[in-house]
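> The amino acid sequence is not available; the structure is as follows:
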């Protein structure tokens, strides 16, 4: 973090607690957003952010927490809550519209109580660091198949392994980083995600010379899954896709 912003992180009983201090403005906006997203990607029951020590010169900057929640709203769908003891500041956050998406509480106890009934029951998650070479494509496919067989989701292996292949190939082709593969099984869905060290967002690209003759990998992903997205992290980005039974190949 830059000297203008400080983030201290702790985890207790499956909940991630962040204490953010310093000045929230245009120069630190992305740092705060990415720190909250990073905490959510670890899939705690919730991310609770204490903003008591945060200075916010412009009321509109509170939207950083709405942005972070938007990025994780589909996957990993972790709730984000704010904590602030000062009533006037809580009113300021509410006036900004943030509280409609990111609830604000007067203390950590009330925030924890608000998420006490949230359960991650039925979710399974696996993660592996891959190397920055072509062998990782085959290893990613093999890992997806191994995990989904173990989780009883064999019917989703073709779609999920195709998504993993595309994501890993994109990392190797467009970045200098080694991909990290994450696969999560929910009750009816499988999420495939790949982390890399490039901050450049993933986007579907069209070939101006060949038009529809060339189909980008991410266009295939979009056709294969319920939803997909690219979210920034403090070290780069995570690209994810949600595959359901209707996406079986």
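Arrived safely, thanks for sending. Only a predicted model underlies this, so the values are computations on that prediction, with no experimental measurement involved.

> Could I get the full set of strands for this structure?
Ranges of strands within the chain are 5-12, 15-23, 46-50, 54-55, 80-83, 104-105, 124-129, 180-185, 189-196, 227-233, 236-244, based on DSSP state E.

> how about JSON lines for those strands, with mean neighbour count added?
Just so you know, the C-beta spots here come from the backbone N, C-alpha and C atoms, and that holds for glycine as well. Output for the strands of the chain, formatted as JSON lines (neighbours: other Cβ atoms under 10 Å):
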{"stretch": "strand 5-12", "mean neighbour count": "14"}
{"stretch": "strand 15-23", "mean neighbour count": "20"}
{"stretch": "strand 46-50", "mean neighbour count": "24"}
{"stretch": "strand 54-55", "mean neighbour count": "18"}
{"stretch": "strand 80-83", "mean neighbour count": "24"}
{"stretch": "strand 104-105", "mean neighbour count": "20"}
{"stretch": "strand 124-129", "mean neighbour count": "14"}
{"stretch": "strand 180-185", "mean neighbour count": "22"}
{"stretch": "strand 189-196", "mean neighbour count": "25"}
{"stretch": "strand 227-233", "mean neighbour count": "19"}
{"stretch": "strand 236-244", "mean neighbour count": "23"}
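
> and the ones you listed as a markdown table, adding distance to residue 171 and mean pLDDT?
Converted to a markdown table, the strands of the chain look like this (distance: least, Cβ to Cβ, whole Å; pLDDT from 0 to 100):
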| stretch | distance to residue 171 | mean pLDDT |
| --- | --- | --- |
| strand 5-12 | 26 | 94 |
| strand 15-23 | 26 | 96 |
| strand 46-50 | 26 | 97 |
| strand 54-55 | 34 | 94 |
| strand 80-83 | 27 | 97 |
| strand 104-105 | 37 | 96 |
| strand 124-129 | 12 | 93 |
| strand 180-185 | 9 | 95 |
| strand 189-196 | 4 | 96 |
| strand 227-233 | 12 | 92 |
| strand 236-244 | 8 | 95 |
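
> For residue 115, which of those strands is the nearest?
strand 46-50 (4.0 Å; Cβ to Cβ).

> So what angle separates the directions of that closest one and strand 5-12?
Put simply, strand 46-50 runs at 140 degrees to strand 5-12, going by axes from the mean of the first three to the mean of the last three Cα atoms, to 10 degrees.

> before we move on, the earlier item: would you format the strands of the chain as TSV with distance to residue 151 included?
Below are the strands of the chain laid out as TSV (distance: least, Cβ to Cβ, whole Å):
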stretch	distance to residue 151
strand 5-12	25
strand 15-23	25
strand 46-50	24
strand 54-55	40
strand 80-83	28
strand 104-105	35
strand 124-129	5
strand 180-185	4
strand 189-196	8
strand 227-233	20
strand 236-244	13
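
> closest one to residue 172 among those strands?
That would be strand 189-196 among these, by Cβ to Cβ, at 9.3 Å.

> And the closest one, what does it pack against?
Applying 3 or more Cβ pairs under 8 Å, 6 or more residues apart in numbering; DSSP states H and E, we find strand 189-196 packed against helix 135-150, helix 157-174, strand 180-185, strand 236-244.

> one more time with 6 Å, if that's ok
helix 157-174, strand 180-185, strand 236-244 (3 or more Cβ pairs under 6 Å, 6 or more residues apart in numbering; DSSP states H and E).

> Return the distance of the second one from the chain's centre.
A distance of 12 Å separates the centroid of the chain from that of strand 180-185, by Cα atoms, centre = their mean, to the nearest Å.

> same check, this time on stretch 4-21
On Cα atoms, centre = their mean, the centre of stretch 4-21 falls 17 Å from that of its chain.
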